[in-house]
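1. fold the following for me, if possible:
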Amino acid sequence: MKFIGFLINSNIYVALGAVFLTLESQVLLGMVPQINPLLFVLFFGVMLDYNFHRLVTLLWRKEDLANEKYRWVRENRDLFYTMTILAFLGFIWSVSMLNVIALLVVAPFALITFFYSIPVVKINKKSYRLRDIPLLKLFLVAIVWSVLTVLLPVVQANQSFEVLQIGLILLERFLFAFAITLPFDIRDMQNDRLDGVITIPMRIGVERSTQLTNVILVLFVFVALVHYGFNSIFFVIPALILSSLVTLFFVNLKSLRSSKFYYNGILDGSILIQGALVMISYYIWFLLLCH
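-> Numbers count the residues shown, from 1 in each chain. Okay, the predicted model is just below:
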């Protein structure tokens, strides 16, 4: 359990989810999934991003350290600093291998990540982080995950793709990321961690927010069925449906929510599960074609 806790709390786990989603995007775009510098950029970038938010809390928002979510950081500060430094060095190394266009895509989202936790907007002499802007946090997270795991493979591939195809994959990724992120806002509202930030659960309540998550996941499946059914990419459909059903199960089974690793382990694991299922479907299909 300690090793699992380390993977989750060091953010290696969620970084692997970004890698698998990017491999999934390669498959959905009709590419052969391959390991390239982009995967290392996303792995170290996501790990650095999530650790950076905790680093800000550790250094400048120490009053928040009492929250249970920061217990691992409190008890393992040296290890946390080490993993953050390694993520930073890995990110710099991998970014140096990207092409210019990919760098131009990464740059603005690196700034968004920085200002997500660092005050950038000043209203009435009070500074606000991007995450403090009403209703922005959820959309911002979903958009960043969608763009980085879909558009980066496109620009790094240096080949042409249909705009409609890219747009539909972006929409699908946004819907799935939105559905995964919304329960985190529910948790933060219930645990009084929002610091006055207005979120969707605050507007419509917990039950309706859960229902909204269900509707978004169903919409994701519908868009995927139309998209890949119309384009005859049938082998990915069972993987996407199964991953959505697993996520629906995770979201709606209330007994799971008391689990120590429910949010950062189980819900974040939905991302990794979807990418892994698509990869498994791809290789099964590939083997069938070869025989």
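
2. any idea how far the most centrally placed residue in the chain lies from residue 229?
-> For the chain, the residue nearest the mean C-alpha position is residue 145 (5.0 Å; Cα atoms, centre = their mean). Using Cβ to Cβ, to the nearest Å, we find residue 145 at a distance of 25 Å from residue 229. All C-beta spots, glycine's among them, are computed from the backbone N, C-alpha and C.

3. picking up where we left off before, ok, then the element right after the helix or strand where the residue nearest to the centre of the chain lies?
-> Using DSSP states H and E, residue 145 maps to helix 136-157. Going down the chain from helix 136-157, the next helix or strand is helix 163-190, by DSSP H and E.

4. same for that following helix, what does it pack against?
-> In terms of contacts (3 or more Cβ pairs under 8 Å, 6 or more residues apart in numbering; DSSP states H and E), helix 163-190 is packed against helix 12-28, helix 136-157, helix 200-204, helix 206-230, helix 237-252, helix 268-290.

5. one more pass at 6 Å, please.
-> The contact analysis (3 or more Cβ pairs under 6 Å, 6 or more residues apart in numbering; DSSP states H and E) places helix 163-190 against helix 136-157, helix 200-204, helix 206-230.

6. tell me the mean pLDDT over the longest one?
-> Just to be clear, that refers to helix 206-230. Averaged across helix 206-230, pLDDT comes to 92.

7. in it, what's buried?
-> Buried residues in helix 206-230, counted by 16 or more other Cβ atoms under 10 Å: 209-210, 212-213, 216-217, 219-221, 223-224, 227-228.

8. over to the shortest one?
-> Going by neighbour count (16+ other Cβ under 10 Å), the buried part of helix 200-204 is 200, 201, 202.

9. ok, back up a step: could you find the closest non-adjacent residue to the residue nearest to the centre of the chain?
-> Take residue 145 and drop its neighbours on the chain: the residue closest to it by Cβ to Cβ, 6 or more residues apart in numbering is residue 177, 4.3 Å away.

10. is residue 17 in contact with residue 272, as I believe?
-> Yes - the pair residue 17 / residue 272 is scored as a contact, 4.2 Å apart, by Cβ atoms under 6 Å.

11. which of those two has more neighbours?
-> residue 17 (25 against 19; other Cβ atoms under 10 Å).

12. which residues touch the more buried one?
-> 271, 272 (Cβ atoms under 6 Å, 6 or more residues apart in numbering).

13. mind redoing it with 7 Å?
-> 268, 271, 272, 275 (Cβ atoms under 7 Å, 6 or more residues apart in numbering).

14. could you report the separation of it from residue 268?
-> 6 Å.

15. before we move on, what about residue 206?
-> Taking Cβ to Cβ, one finds residue 206 at 20 Å from residue 268.

16. go on, residue 205?
-> From residue 205 to residue 268 the distance is 24 Å (Cβ to Cβ).

17. low pLDDT regions in the chain?
-> By pLDDT under 70, the low-scoring segments of the chain are 1, 60-68, 114-135, 189-197, 290-291.

18. just give the nearest non-adjacent residue to residue 165, would you?
-> Using Cβ to Cβ, 6+ apart and skipping the chain neighbours, the partner closest in space to residue 165 is residue 29 (7.2 Å).

19. burial count for residue 59?
-> 8.

20. and after the helix or strand where it lies, which helix or strand comes next?
-> Under the criterion of DSSP H and E, residue 59 resides in helix 37-60. Going down the chain from helix 37-60, the next helix or strand is helix 71-75, by DSSP H and E.
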